[in-house]
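S.K.: Requesting a structural model of the entry that follows:
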Amino acid sequence: MRLRLVFGVFALGLLGLGCTKSNFNIGSVGETMAYDRTLIEAKAGSTITVTLKNNATSAAMKHNFVLVRPGQDIIVGQQAMNAGEAKDWIPENVGNAILAHSKLSQPGSSVSVTFTVPPPGEYPYICTYPGHFATMKGVLKSVP
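M.R.: Below is the predicted model:
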C-alpha cells in the first residue's frame, strides 16, 4: 500500500512537470523559406523552449523565430525590413505585437527562445529575415 502511494505521488509529479515546460524543435527546410514544423501545440501559461535549427547552407538563408499576436504577422514582417541585421531583423516599432523572438540563426546553426505560452488561441510565428515572412510561417496553438 505504501509503495503504491509513493509511486502515485511520483507519477502525479511527473505529469505536472510535463504540463508546465516543453521543448519544441523546428528546422528550416533546406534552401527554402519554410519551417519543417508549422504547428506547435502547448498549454496556456506553460513555459516552453523553441529551438530553431537552420538547415540551410546558403549565406542568404538566415532565419529566426518570431511569435506574434493574431493578425500582426504581416505588419511585423513588413516592419522587420527596416530593422536591419544588427537587430536580428526584429522591428521595435510594432508596439506589443511581438510576444517572443529568437536571435538570427546563421546557416548550419541553432537558436533557442524560452517564453510563457499566451492565453488560449492561435498565434502566428514567422521568420522576419527580409522577404521570408510570407512563406516561412506556422501557428502556435495555445490550449487551456
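S.K.: Could you verify that Val113 is part of a strand?
M.R.: Yes. Under DSSP: H, G, I helix; E, B strand; the rest coil, Val113 falls within a strand.
S.K.: Settle this for me: it is touching Ile98, isn't it.
M.R.: No. Between Val113 and Ile98 there is no contact under C-beta atoms under 8 Å: 11.0 Å. Heads up, the C-betas are built off the backbone N, CA and C, glycines and all.
S.K.: Output the below-cut-off pLDDT ranges for this protein.
M.R.: 1-21 (pLDDT under 70).
S.K.: the strands in it, which residues?
M.R.: Assigned strands in the chain, in chain order: 21-27, 39-43, 47-53, 66-68, 98-101, 110-116, 121-126, 137-143 (criterion: DSSP state E).
S.K.: Between the ones you listed, which one is closest to Pro91.
M.R.: Closest approach to Pro91 among the strands of the chain (C-beta to C-beta): strand 98-101, 7.7 Å.
S.K.: elements contacting that closest one?
M.R.: Using 3 or more C-beta pairs under 8 Å, 6 or more residues apart in numbering; DSSP states H and E as the contact criterion, the elements in contact with strand 98-101 are strand 66-68, strand 110-116.
S.K.: pretty sure Thr114 is touching Thr51, no?
M.R.: No. Thr114 is not in contact with Thr51 according to C-beta under 8 Å; the separation is 9.7 Å.
S.K.: which one of these two has more residues nearby?
M.R.: Of the pair Thr114 and Thr51, Thr51 is the one with more neighbours under other C-beta atoms under 10 Å, namely 17 against 13.
S.K.: Could I get the contacting residues of the more buried one?
M.R.: Residues near Thr51 by C-beta atoms under 8 Å, 6 or more residues apart in numbering: Asn23, Phe24, Asn25, Ile26, Ser110, Val111, Ser112.
S.K.: Please check those residues and keep the buried ones.
M.R.: Among the contacts of Thr51, those buried by neighbour count (16 or more other C-beta atoms under 10 Å) are Phe24, Ile26, Val111, Ser112.
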